[in-house]
Every structure is written in structure tokens, then in C-alpha cells.
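Asks: Mind looking at a prediction? Sequence and model below.
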Amino acid sequence: MASGRYRFLLLLGLVFLSQCRPSNPGAPAFTTQPQVEMDLEAIQKRGYLQALVDNNSVSYFILKGSPMGYEYELLKRLADHLKVELKIKIITGIEEAIDKLNKGEGDVLAFPLTITTDRQEYVAFTEAHFSTHQVLVQKRPANWRMQPPAVLEKKLIRNPVDLIGKQVHVVKGSSFEQRMRNLSQEVGGPIEIIPDSASAETESLIRKVAHGEIKYTVTDQTLAMVNALYYPNLDINTVVSLPQQIGWAVRLNCPKLLSTINQWMMGVKKSGVYQVIYNKYFNSPRFSLTRISSDYSSLAGKILSPYDRYFKEGALPLEWDWRLLASVAYQESNFDPNVKSWAGAIGLMQIMPETGRYFGVDNLWDPGLNIRTGVRFLKFLDNQWAKSINDPQERISFVLASYNVGLTHVLDARNLTRKYGKDPTRWSEVEFYLLKKSDPRYYRDPVAAAGYCRCTGPVEYVKEVLERYEQYKLHIDD
């Protein structure tokens, strides 16, 4: 009886294990085919392009408060060409990026992707942006500057055959991992390939080599050259692949989007704009070193500006995220405390002298006092709008617009919104009538007491401050 029960439990366990075991252990760990229908027309109707990007020293980062990067600058131009907004989502692992692309969580995978036949089964590649090749990243000896070149060369791997038996760390699922597996076959001996987690960053592995935590990794020559400027103890001169093409990717069922991107890129290259952007990020050593090493780069740390502590203090009475306040300051002054506008506005928060006097502040050139005065003015506006706008997230847009163009013009737009039967508590509807205040039919309306306003400025102001805030949240800790 007991033995029968044992056989039954064993059989049940085997059945359970067979159900849990993957049907195809070698299958990709991502969604391989499109799960949505969202080609160009649907994207344009929706109003924004969702880009999946990598956060590295080339593709996308924040420098001194401003978003930058090779991929980012091209994507901004592409979105303008498509007449849509650009939304950014940072994805590190390639497998995760392909998965989110095919699930519809992104429209374009704007990674520096190596175009391979394997990946063409899962995504559609754009025409190549440029060609590069993969290189071995290794650390030079401690006293490498003192050694004759011939002696130094003997201490470095130059022949890929010498990688037999060595550990090479690579990003899991990357073209670098696949290249090392192929190379291991080609050299006739096992290279010990250590796939890091799918969420690892190539640059984190490069940093580990520079710090002596691991011996070797592999990356594209373009990315290696940028990082070698910051880590001069790295050697990147051993080529381990043939030239490879680098491009972006879209879903397989997006032929119109793919064709449009290719045509647009062809035009950008013919115009010379592409070469300017490429040179800026790949062929400008001084700029490359600045963006990697700057204290105010998201690549080097989590500091936006020298005034972060004032933003953090000022955000408390506002009950705002300090990064939103920082975005306002960047919009106003590019974090320059010495700027003065043609209208007389002063400093980081561009405070008018009469506003400073109202709050009892004379020295608006002092960064701390300037920010505190700006905060007090923002708090004043927030208190005014809190009487009629209950939703704090909606209220932020009203406050920002009022900070830029004045309270009365925004009140006019709200009155017009109510008059024409729309919701005066929703910024998306109020901004429509704010834009109408350059039309006599609207600015001469009795409910528009402040009269004419060319109000494209405040509408763009709100949009840009909030967009930059979203980018700060991607890079800078709260």
C-alpha cells in the first residue's frame, strides 16, 4: 500500500515537473512577434512616438540639466518630422527592449543595435546608421606608461587565440555574447563566456575592467573609444569581429513606419545634419570627456546643478518633487545665476525686481535667495489656483503657465473655457483657449479682461517643463 502511494506521488511529481519545464529551453526570453497593430498612421493619430533607448554615454543622458545623446537628438528630429511628441523609455537589456517593442510598449527601438540575421526574425531593422566592429576591452598594466611599446604589447592580448581559457564578461543576449560564442568555435578552443544579467549595461562592464574587477569584456569600437577617454588605462585595440552594421528597429508589422524612418534618415544624411550629430558624440574627444566626467552629468552622478540643495529645500513648501522645481529653473535660466532678460528678470528663476520687492528680497543675484523668491511666488500662485483646481497634478500646469505669462491671462483662458462649455479644471482644455487669446474674437470677449496675448509661449513652457521633468525622473534619484 505504502509503495503504491509512493509510486503515485513520484508519478505526480514527474508530471508536475514536465509541465513546469520550458517546452523549448533554447527559446528567446522575450516576445518574438508583434502583439499589437500600431503602424505610422496609428502613431500619428495617437500623437506621440514612444522610443526605447539605452542610457549610456552616447545614446541618451542628462548633462547640466539638458537631455542629450546621439539617439536622443535624432529621435527629436524624427518626432518633429512625424509631427508628434517624443516620449522616452529607458531600457537596458536588449531582450527586454525587443520584448517591450513587440508588446507595443515602444514604437522604435533606438539602441545602437548590431544588425544580425537572428534578430531579423524578431524585429525589422532600419537602414544602417554606420558600421563599426567589436573590440576586446582589457586593462593595461599598472605601470604601462613607463614600459616600452614592444614590452607592453606582449602583456596584452592581440591574437584572439589567446582568449582560449580566459573569462570574457558580456551582456546577456547581446551581439557581443553571440560573437564570443562564434569566436570560441573559430579559434578551436573554449573561451569562458560569462553572460551578465540581461539588465546589465555594457558600460558597467567596461568600468569593471578599468577598476580591475573583471579581466575582459567586448563592446562596439565606437562606445569603447568614448569610454577609453575617461579610463586611459583601458586598451581597446584588439579587434574581434568583422565590420558590423548598426541601426534601429521597429516591429515587423510596421512597414510604413520603417519606410518613413529610412526616407527621413536619408534626408538627414544628405543635409549634413547627421554628420554633425555623429561627430559630436563619436569624434569629439573633449566633449566626450566632459559628458562622462562632469559632476552634472547623469552618467557620472546624480547631480543636476550646483543648486540642487536649494531646489530640494524649496520643493518642500510647494509639496513638489524637487526635480520639477529644477526643471522650472532650467527653463528660465539654463541654471545660469547671472542671466538677466531683456525685460529685467534676474537670475536662476528669472524674478522681476518688483516681485522680489513684494517678497522683501533685494539681492536677486544670490542663487539661494533667488530660488526662495521663486518658490514663494510659485506657492502664491498655487494657493490661488487651489481655490478652483482640486487635482494637484492638473494644478501644476496652471501654476506653471501663470508663472510664465501671468495669472490674469490664464484666468481669461479659464473663463473662455467655461463660456464655451468645456471643463475649466482641465489644462488640456484651458490651454486651447489660452492659444485663442491672439484672435480678436476671443481676446475682445468681455470675459477676457487681460486682452490680447500671443500665448504660444506659456503653452510651450508648460509642455517643455513637464517633459524635462519626466526626463529628470528617468535619470536623477528623488
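Replies: Happy to help now that I have it. Everything numeric in this text was worked out from a predicted model, so none of it was measured.
Asks: need the contact list for Asn237.
Replies: Each residue near Asn237 by Cβ atoms under 8 Å, 6 or more residues apart in numbering is listed here: Val135, Leu156, Arg158. C-betas here are computed from N, CA, C, even on glycine.
Asks: helix or strand for it, which one?
Replies: Assessed by DSSP states H and E, Asn237 sits inside strand 234-239.
Asks: what's whichever helix or strand comes after that strand packed up against?
Replies: Downstream of strand 234-239, the next assigned helix or strand under DSSP H and E is strand 244-250. In this structure, strand 244-250 makes packing contacts with helix 94-102, strand 108-114, strand 124-125, strand 130-132, helix 255-271, judged by 3 or more Cβ pairs under 8 Å, 6 or more residues apart in numbering; DSSP states H and E.
Asks: can we see that at 7 Å?
Replies: Other helices and strands packing on strand 244-250, by 3 or more Cβ pairs under 7 Å, 6 or more residues apart in numbering; DSSP states H and E, are strand 108-114, strand 124-125, strand 130-132.
Asks: Redo the ones you listed as CSV? Include mean neighbour count.
Replies: CSV is the format used below for those (neighbours: other Cβ atoms under 10 Å):
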stretch, mean neighbour count
strand 108-114, 25
strand 124-125, 20
strand 130-132, 16
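Asks: Among those, which comes closest to Asp362?
Replies: In terms of Cβ to Cβ, the element of the helices and strands packed on strand 244-250 nearest to Asp362 is strand 108-114, at 48.6 Å.
Asks: pLDDT averaged over that closest one, what's the number?
Replies: Per-region confidence: strand 108-114 scores 92 on mean pLDDT.
Asks: Then stretch 239-259?
Replies: Model confidence over stretch 239-259, given as mean pLDDT, is 96.
Asks: ends of it, how far apart?
Replies: End-to-end distance for stretch 239-259, by Cα to Cα, to the nearest Å: 33 Å.
Asks: Which parts of that stretch count as buried, going by neighbours?
Replies: Residues of stretch 239-259 classed as buried under the neighbour-count rule (16 or more other Cβ atoms under 10 Å) are 240-241, 244, 246-254, 257-258.
Asks: Can you give me the domain boundaries for this structure?
Replies: For the chain, automatic domain parsing gives the domain ranges 40-127+247-293, 134-242, 308-475.
Asks: gap between the two ends of the shortest one?
Replies: Using Cα to Cα, the end-to-end distance of domain 134-242 comes to 8 Å.
Asks: Then stretch 238-245?
Replies: End-to-end distance for stretch 238-245, by Cα to Cα: 19 Å.
Asks: Residues contacting that stretch, please?
Replies: Around stretch 238-245, the neighbours that count as contacts under Cβ atoms under 7 Å, 6 or more residues apart in numbering are 114-115, 128, 131-136, 157-158, 160, 179, 183, 218.
Asks: Only whichever of those residues are buried, select them in ChimeraX.
Replies: Buried residues among the contacts of stretch 238-245 (16+ other Cβ under 10 Å), as a ChimeraX selection:
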select :114,115,128,132,134,135,136,157,160,179,183,218
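Asks: wait, which of the contacts of stretch 238-245 is closest to Gly457?
Replies: When the contacts of stretch 238-245 are compared for distance to Gly457 (Cβ to Cβ), Ala128 wins out at 40.2 Å.
Asks: contacting residues for that closest one?
Replies: Listed by Cβ under 7 Å, 6+ apart, the contact partners of Ala128 are Ile115, Gln245, Ile246, Gly247.
Asks: Same list (the residues you listed) but as a markdown table, adding distance to Ile389.
Replies: As requested, the contacts of Ala128 are exported to a markdown table (distance: Cβ to Cβ, whole Å):
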| residue | distance to Ile389 |
| --- | --- |
| Ile115 | 50 |
| Gln245 | 52 |
| Ile246 | 47 |
| Gly247 | 46 |
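Asks: What is the most widely separated pair among the residues you listed?
Replies: Greatest spacing in those, by Cβ to Cβ: Ile115 and Ile246 (7.1 Å).
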